[in-house]
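1. Following is a predicted model, sequence given first.
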Amino acid sequence: HIAGADAVYSIGGAQAIAGLAYGTETITRVQKIVGPGNKWVTAAKAEVRGDVEIDFLAGPSEVVVVADETGDPELVAAELVAQAEHDSNASVVAVTDDEDTADAVAAAVDDQINAREREAVIREGLANDASGILHARSMSEAILFTEAYAPEHLSIIADDDESILERIESAGSVFLGPNTPVAAGDYASGTNHVLPTNGGARVTGGLSVETFLRSTTVQRLSREGLAELGGTIATLADAEGLEAHAESVRTRLDEETD
């Protein structure tokens, strides 16, 4: 009600995407479809893209946890296990410049898995080729890896977390410090949690109010302003062979001369 929604449909799956994109007897066709879904929903969004605008195509969930020697291995492991709980195709990665921390995280992950209800899914997610615990030769190397990865979720559990963040430009949503689990963004801290995956954070941010806004440019030139720009406009138009463009300026300037 606050957002101004005037209709709610209780539908789901690929067929819901088709209904929203093209309309049915009971569903009004929309202009934009946004939000997450399973692989069938994502495939449907890819199919209708062009007929209707979408936000982006999101794949399996991702997290990268950057930790130094001060990072609590139990907390790092908890983030990996939590993200692996989503999907057996999830990508869960920890990267640290401290070998002892890497070993401790691996041990903590093993300890925590057994207590989780979705143990089988978690084990599959941790075992896939997109997941792992990495030991970088330096924090700079860990940061370079993270920037190249452009993760959907980035957790930084390190002594100087804000300094590390300043060196990373590509991430969907960032969670700083030991007391900021990714689950906070999922459920309560207020940030939108529809985020780009598969490196999409290099070129786009997450779903936000801006997704639903449009910008329109407006210009008004004074006679003096057009006279100031006229030469530039005409020169460029003539260079492109667009004579009528140039004449649309010259006509106005000639009228002023007359």
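-> It's in.

2. Please make it C-alpha for all contacts and neighbour counts, starting now.
-> Fine.

3. Torsion angles phi and psi at residue 52?
-> Torsion angles at residue 52 (phi, psi; degrees, to the nearest 10) stand at phi -150, psi 150.

4. what do you get for residue 95?
-> Backbone torsions of residue 95, given as degrees, to the nearest 10, read phi -130, psi 130.

5. OK, contacts around it?
-> 64, 65, 66, 67, 102, 133, 134, 135, 136, 142 (C-alpha atoms under 8 Å, 6 or more residues apart in numbering).

6. Who are the contact partners of the third one?
-> Just to be clear, that refers to residue 66. The contact partners of residue 66, taken as C-alpha under 8 Å, 6+ apart, are 94, 95, 96, 142, 143, 154, 155, 156, 157, 158.

7. Could you double-check that the fourth one sits in contact with residue 96?
-> Right, residue 142. Yes - counting by C-alpha atoms under 8 Å, residue 142 touches residue 96, with 6.5 Å between them.

8. residues contacting the most centrally placed residue in the chain?
-> The centroid of the chain falls nearest to residue 196 when counting by C-alpha atoms, centre = their mean (2.8 Å). Counting by C-alpha under 8 Å, 6+ apart, residue 196 makes contact with 56, 57, 58, 152, 172, 204, 205, 206.

9. distance of it from residue 26?
-> Separation of residue 196 from residue 26 (C-alpha to C-alpha, to the nearest Å) stands at 31 Å.

10. Same question for residue 201.
-> Distance from residue 201 to residue 26, counting by C-alpha to C-alpha: 36 Å.

11. Residue 142 and residue 96: which is more packed in?
-> Neighbour count, other C-alpha atoms under 10 Å: between residue 142 and residue 96, residue 96 has more, with 27 against 21.

12. hey, where'd the helices end up in the stretch 101-250 of the chain?
-> 119-127, 139-149, 161-166, 182-187, 223-239, 243-257 (DSSP state H, counting those that start in this stretch).

13. Model confidence for residue 38, exactly?
-> At residue 38, the pLDDT value in this model is 85.

14. Pull the number of nearby residues for it.
-> 14.

15. for residue 5, same thing?
-> Neighbours of residue 5 under the rule other C-alpha under 10 Å: 7.

16. How about the one 5 residues further on?
-> Other residues within reach of residue 10 by the criterion other C-alpha under 10 Å amount to 5.

17. Can you check what pLDDT the model gives it?
-> Reported pLDDT for residue 10: 94.

18. ditto for residue 203
-> As predicted, residue 203 sits at a pLDDT of 93.

19. tally of neighbours for it?
-> 10.

20. how much space between the residue nearest to the centre of the chain and residue 232?
-> Computed as C-alpha to C-alpha, the residue 196 to residue 232 distance reads 41 Å.

21. Residue 46 too?
-> 43 Å.

22. again, but for residue 102
-> Distance, residue 102 to residue 232, by C-alpha to C-alpha: 61 Å.
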